[in-house]
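Novice: fold the following and give me the result.
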Amino acid sequence: MANSNSEFDLKDFRIPDYILVPESEVEAVSYVPECPVIVFINSKSGGQLGGDLLITYRSLLNEKQVFDVNQEAPDKSLSRIYVNLEKLKHSEDDFAFKIQERLRIIVAGGDGTAGWLLGVVSDLKLSQPPPIATVPLGTGNNLPFSFGWGKKNPGTDSRSVESFLGEVKKAKEMKIDSWHFLMRMKAPKEGSCDPIAPLELPHSLHAFHRVSETDSLNMEGYHTFRGGFWNYFSMGMDAQVSYAFHTERKLHPEKFTNQLVNQGTYARLGCTQGWFAASLFHPASKNIAQVAKISVMKKVGGHWEELKISNSIRSIVCLNLPSFSGGFNPWGTPNARRRRDRDLTAPFVDDRLIEVVGFRDAWHGLVLLAPKGHGTRLAQAHRIRFEFHKGSADHTFMRIDGEPWKQPLPDDDDTVMVEISHLGQVKMLATDNCKSKSCEDPTSPPAPETEEPDSNEEEGEEWKKFGAAETFRIPDDVDISQLS
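Specialist: This is a model prediction of the structure:
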């Protein structure tokens, strides 16, 4: 049960109705919350945990500031709140100004749900976007783990939620890079090269969609898809195992009741898919070097150069955060010699560089269990490009932030191209146990020298968006430049 001070403490997080519901009667408020929060929960995450957490948050806070992302898309919720805040500010409502200035977001779900919210906030293009805290309700929980929120599913009782709110209030802000994902292929003469999801496109692949004919990225005669990610993009056998896991979970959701069961099923599928005996079950024709040509641009405004990789690499990961597959750091920290000879650095989450790592099989992945274990460091890059030509493989598997799909490859002389480039940054909330390192943190190792961030203006405005907040529209009578 809540202690005697909880009611006072919870006032620091509650937001009154008139801020949340447009056209509501303005209330006389005597207390300004120190840490007002908007809470987004995926009620389907974590078995029953998501639904239980939704009930608890609504019982402690104003139920109108707690949203189920399955009932209403977060871009609609945030657009309504921010437009209302702006109108109240124009009416010289000082309380609304302070709420907007102090606002923080909590998102509870898997990495896909968290990425969805990050994409929405990124697309809003606010001058002072609210920082985001993540509650680990998924299987891997790489985003929460990277910023100190843990990787185990949390308690859903009032005391646990109050404790989490207290951590949110104390948390520090930290920027995180976002990455734009573009996939383009010539319209096939026969069949389709559209991505194939496990039964249906995963909910968190919110921004991964075919661009419209009016989009600046569209090219006549080609199919173009775009999206974005915060944690990682991977391709190969690890994505294949993930695809099998998601397919089974969609077919038999009753078997996936908690995090421990999910992780056990994942390990079993890793064995049955041949990840531990890749040389026997995974033909060499599907190894990365045989399927794709890879090029990297290491610096802002630099030139493209081909990335040579070993023929034994069966999985490649482009990593933004120091957490993969439930908390492992595949990049590690290069020693002084490697930093000097190969121009490698520690992995920062805000240096506009992505770490590219390769794995031969699951046994190779087990080196991550060692204190200084890491995968095969291939490159650090500002942009990376994969070109898939006609070959012996008719498909590969890809994954963005834990959400996999099966990607058909060309059966004629056409090429499927995937390009990843730096997009922008948003603010996360981090605890004292944060695993991520920032260029702006004086206690972190020296960061690489970078030029001014590229704006990608030549690509048009659409390049700068995830597409996560496509329904977000500012009314004509509200000046977007005034949103803060």
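
Novice: ok, Asp350 touching Trp230?
Specialist: No: with contacts counted by C-beta atoms under 8 Å, Asp350 stays clear of Trp230, the gap being 11.7 Å. (Glycine included, C-beta is placed from N, CA and C.)

Novice: which neighbours do the two share?
Specialist: Ile176, Asp177 (C-beta atoms under 8 Å, 6 or more residues apart in numbering).

Novice: so which of the two has more stuff around it?
Specialist: Trp230 (26 against 19; other C-beta atoms under 10 Å).

Novice: downstream of the longest helix anywhere in the chain, the next helix or strand is which one?
Specialist: If you go by DSSP state H, the chain has its longest helix at helix 74-90. Using DSSP states H and E, the next helix or strand after helix 74-90 towards the C-terminus is helix 94-102.

Novice: would you mark the buried spots in that next one?
Specialist: Neighbour-count burial for helix 94-102 flags Phe95, Ala96, Ile99, Gln100 (criterion: 16 or more other C-beta atoms under 10 Å).

Novice: can you list the strands that the helix or strand just after it pairs with?
Specialist: Next helix or strand after helix 94-102 toward the C-terminus (DSSP H and E): strand 104-109. Using DSSP bridges, the strands paired with strand 104-109 are strand 37-41 (parallel), strand 132-136 (parallel).

Novice: would you mark the buried spots in the first one?
Specialist: Spelled out, that is strand 37-41. Val37, Ile38, Val39, Phe40, Ile41.

Novice: can you check the last one too?
Specialist: Neighbour-count burial for strand 132-136, counted by 16+ other C-beta under 10 Å, picks out Ile132, Ala133, Thr134, Val135, Pro136.

Novice: where along the stretch 251-400 of the chain do the helices fall?
Specialist: In the stretch 251-400 of the chain, the helices defined using DSSP state H, counting those that start in this stretch lie at 259-272, 278-281, 288-291, 336-341, 362-365.

Novice: mean pLDDT for the strands paired with strand 104-109 - can I get that in a markdown table?
Specialist: A markdown table is the format used below for the strands paired with strand 104-109 (pLDDT from 0 to 100):
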| stretch | mean pLDDT |
| --- | --- |
| strand 37-41 | 97 |
| strand 132-136 | 95 |
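
Novice: tell me the angle of the longest helix of the chain relative to strand 37-41?
Specialist: If you take axes from the mean of the first three to the mean of the last three C-alpha atoms, to 10 degrees, helix 74-90 sits at 170 degrees to strand 37-41.

Novice: against which helices or strands is helix 74-90 packed?
Specialist: Packing contacts for helix 74-90, counted by 3 or more C-beta pairs under 8 Å, 6 or more residues apart in numbering; DSSP states H and E, involve helix 17-20, strand 37-41, helix 94-102, helix 111-124.

Novice: the first one - contacts with which helices or strands?
Specialist: Right, the one you point to is helix 17-20. By 3+ C-beta pairs under 8 Å, 6+ apart, helix 17-20 packs against helix 74-90, helix 94-102.

Novice: can you tell me who the closest residue to Ile132 other than its chain neighbours pairs with across the strands?
Specialist: Nearest residue to Ile132 in three dimensions, chain neighbours excluded: Ile105, at 4.6 Å (C-beta to C-beta, 6 or more residues apart in numbering). Taking DSSP bridges as the rule, Ile105 bridges to Ile38, Ile132.

Novice: which residues does Lys11 contact?
Specialist: Counted by C-beta under 8 Å, 6+ apart, Lys11 has contacts Tyr31, Pro33.

Novice: what does Gly358 give?
Specialist: Ile288, Ile309, Ser310, Ile313, Ser315, Ile316, Val317, Gly375, Thr376, Leu378.

Novice: list only those of those residues flagged as buried.
Specialist: Ile288, Ile309, Ile313, Ser315, Ile316, Val317, Gly375, Thr376, Leu378.

Novice: low-scoring stretches of the stretch 301-450 of the chain, by residue?
Specialist: Scanning the stretch 301-450 of the chain for pLDDT under 70 picks out 325-327, 334-342, 361-374, 391-392, 412-414, 442-450.

Novice: nope, the stretch 151-300 of the chain is what I was after
Specialist: 187-193, 196-219, 245-286.

Novice: now with 80, please.
Specialist: For the stretch 151-300 of the chain, the stretches with pLDDT under 80 are 185-223, 225-227, 237-290.

Novice: check contacts around His303.
Specialist: Met297.

Novice: what separation is there between it and Ala381?
Specialist: To Ala381, His303 is 12 Å away according to C-beta to C-beta, to the nearest Å.

Novice: find the residues that touch each one of the two.
Specialist: Common neighbours of His303 and Ala381 (C-beta under 8 Å, 6+ apart) are Met297.

Novice: the strands in the stretch 301-450 of the chain, which residues?
Specialist: 305-306, 315-319, 354-359, 376-381, 383-388, 395-400, 403-408, 416-430 (DSSP state E, counting those that start in this stretch).

Novice: adding distance to Phe67, write those out as CSV.
Specialist: Shown next, in CSV, are those (distance: least, C-beta to C-beta, whole Å):
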stretch, distance to Phe67
strand 305-306, 46
strand 315-319, 30
strand 354-359, 31
strand 376-381, 37
strand 383-388, 35
strand 395-400, 24
strand 403-408, 21
strand 416-430, 18
